[in-house]
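got a structure for you, letters missing:
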């Protein structure tokens, strides 16, 4: 699979190395070249410096035709915007954005982006460790339907 | 009308002041506490010192009953998220976003932001107005679809000596006025156009090629 990762922070770097080692074609995009220091010498994928919310940059990096797009920068909104460029303009099927605000995470799943929320993930782990009830909010929310397919899926649901 | 303004920079600050003065109900969200309290000292307790990108605070500021949400921070991605949260999560009828990168305009429109304000595009527009160009000039937008366009007829324009009824103006586009020697007059089907005229048209982006053909002509093309 061809996988684009925007944001080479801790999560981005770990995933880039893991997916690369598993034999996938991995392209990592980050604004800062220093972020790429996190990648080990064994990483065989591409590291591209640039703005992952910018369509031109993503196209130049080779994002066209990618199977998976992961938006994992430190900023919720940067992730949301990068993910929407991937869904809407690059028409990538599987798009995941890291979002720390649980309300935003739920809202964006409805807009066609699978969201992973670190806040609920961490707090649920801690609650479980303390043997308390979990928050009840899912930390991974699958995309409902890609934005540009809303009309199609709405008519398909009509028969249900 | 209840307007929720997000971003207390220069634009948000003056916007809030103007709206209060004209009698609207306004709440301003600014995440920087110092900046928020500084503005609150002047405009009163209508400033919420929190991040308007965060769903919880957007709700607390009253997004669910806002008639308009105006996202005017300096960051495009923040403005996009604010408008989308307002529109899809809080059902706000009208969202307005400031867009700094002109390349983001189409994406924002496509993603459901109702109105875009682009300072970059505006400055670009005024610069283009000051220098002689053969191109069509965008004077402004009526809504997200329609543009007000000015065509400056130079010598060699195929429209000179002809009237609008003799030109093949593209569908969905209308020539409505002509500015000659600084005087604007309504354009009638039989008005005869002359060199130096500025023809004002309204139309969508798809009309531009046709308009350029009819009013600017091949002479100006490079």
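Here it is on my side, so go on. Values in this document were obtained by computation on a predicted structure and should not be read as measured data.

Let me see the contact set for residue 12.
No chain specified, so I'll use chain A. If you count contacts by C-beta atoms under 8 Å, 6 or more residues apart in numbering or on different chains, residue A:12 has them with A:5, A:6, A:28, A:30, A:35, A:38, A:70, A:72, A:73. All C-beta spots, glycine's among them, are computed from the backbone N, C-alpha and C.

nope, chain B
B:5, B:6, B:28, B:30, B:70, B:72, B:73.

among those, which two are most distant?
B:30 and B:70 (13.0 Å; C-beta to C-beta).

Show the pLDDT at the residue in chain A positioned nearest to chain B.
Using C-beta to the nearest C-beta, the single residue of chain A nearest to chain B is residue A:103, 2.5 Å away. If you check residue A:103, the pLDDT there is 83.

who's in contact with it?
B:54, B:55, B:56, B:58, B:59, B:85, B:89.

now it: how far from residue B:96?
21 Å (C-beta to C-beta, to the nearest Å).

before we move on, what SS does residue B:156 have?
coil (DSSP: H, G, I helix; E, B strand; the rest coil).

Ramachandran angles for it?
phi 100, psi -10 (degrees, to the nearest 10).

ok so, going back, using a markdown table, lay out the contacts of residue A:103 together with secondary structure, neighbour count and pLDDT.
Output for the contacts of residue A:103, formatted as a markdown table (DSSP: H, G, I helix; E, B strand; the rest coil; neighbours: other C-beta atoms under 10 Å in any protein chain shown; pLDDT from 0 to 100):
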| residue | secondary structure | neighbour count | pLDDT |
| --- | --- | --- | --- |
| B:54 | coil | 21 | 88 |
| B:55 | helix | 20 | 88 |
| B:56 | helix | 13 | 90 |
| B:58 | helix | 30 | 93 |
| B:59 | helix | 14 | 93 |
| B:85 | helix | 28 | 91 |
| B:89 | helix | 20 | 89 |
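
so which of the residues you listed are also by chain A?
For chain A, the contacts drawn from those by C-beta under 8 Å from any C-beta of the partner chain are B:54, B:55, B:56, B:58, B:59, B:85, B:89.

what's the nearest residue to the residue nearest the centre of chain B if we skip its chain neighbours?
Of all residues in chain B, the one closest to the mean position by C-alpha atoms, centre = their mean is residue B:117, 4.5 Å from it. Nearest residue to residue B:117 in three dimensions, chain neighbours excluded: residue B:98, at 5.1 Å (C-beta to C-beta, 6 or more residues apart in numbering or on different chains).

what's the burial count for the one you found?
Using other C-beta atoms under 10 Å in any protein chain shown, residue B:98 has 23 other residues around it.

same check, this time on residue B:191
The number of residues packed near residue B:191 is 19, by other C-beta under 10 Å.

Could you do residue B:43 as well?
17.

And the pLDDT at it?
For residue B:43, the model assigns a pLDDT of 90.

Quickly note the distance from it to chain A.
Counting by C-beta to the nearest C-beta, to the nearest Å, the separation of residue B:43 from chain A is 26 Å.

so how far is residue A:114 from that residue?
Separation of residue B:43 from residue A:114 (C-beta to C-beta): 41 Å.

go on, residue A:102?
Residue A:102 is 15 Å from residue A:114, by C-beta to C-beta.

Looking at the two, which one has more neighbours?
When neighbours are counted by other C-beta under 10 Å, residue A:102 and residue A:114 differ, and residue A:102 comes out ahead with 22 against 18.

wait, that one sits on residue A:120?
Yes. Counting by C-beta atoms under 8 Å, residue A:120 is a contact partner of residue A:102 at 5.4 Å.

any common contacting residues for these two?
residue A:137.

so where's chain A uncertain?
The model of chain A has pLDDT under 70 over residues A:145-160.

Nearest residue to the residue in chain B that chain A sits nearest to in space, please, no chain neighbours.
Among the residues of chain B, residue B:55 lies closest to chain A, at 2.5 Å counting by C-beta to the nearest C-beta. Nearest residue to residue B:55, sequence neighbours excluded (C-beta to C-beta, 6+ apart): residue A:103, at 2.5 Å.

State the distance from the one you found to residue B:188.
Distance from residue A:103 to residue B:188, by C-beta to C-beta: 56 Å.

With residue A:42 instead?
On the measure of C-beta to C-beta, residue A:42 and residue B:188 end up 75 Å apart.

coming back round to it: out of the contacts of residue A:12, grab the one that's most surrounded.
Ranking the contacts of residue A:12 using other C-beta under 10 Å puts residue A:6 first, with 32 neighbours.

Dihedrals phi and psi, the nearest residue to that one once chain neighbours are set aside?
Excluding the flanking residues, the one nearest residue A:6 by C-beta to C-beta, 6+ apart is residue A:52, at 3.3 Å. Dihedral pair for residue A:52: phi -70, psi 0, per degrees, to the nearest 10.

Any idea how many residues pack against residue A:52?
Residues lying near residue A:52 (other C-beta under 10 Å) number 29.
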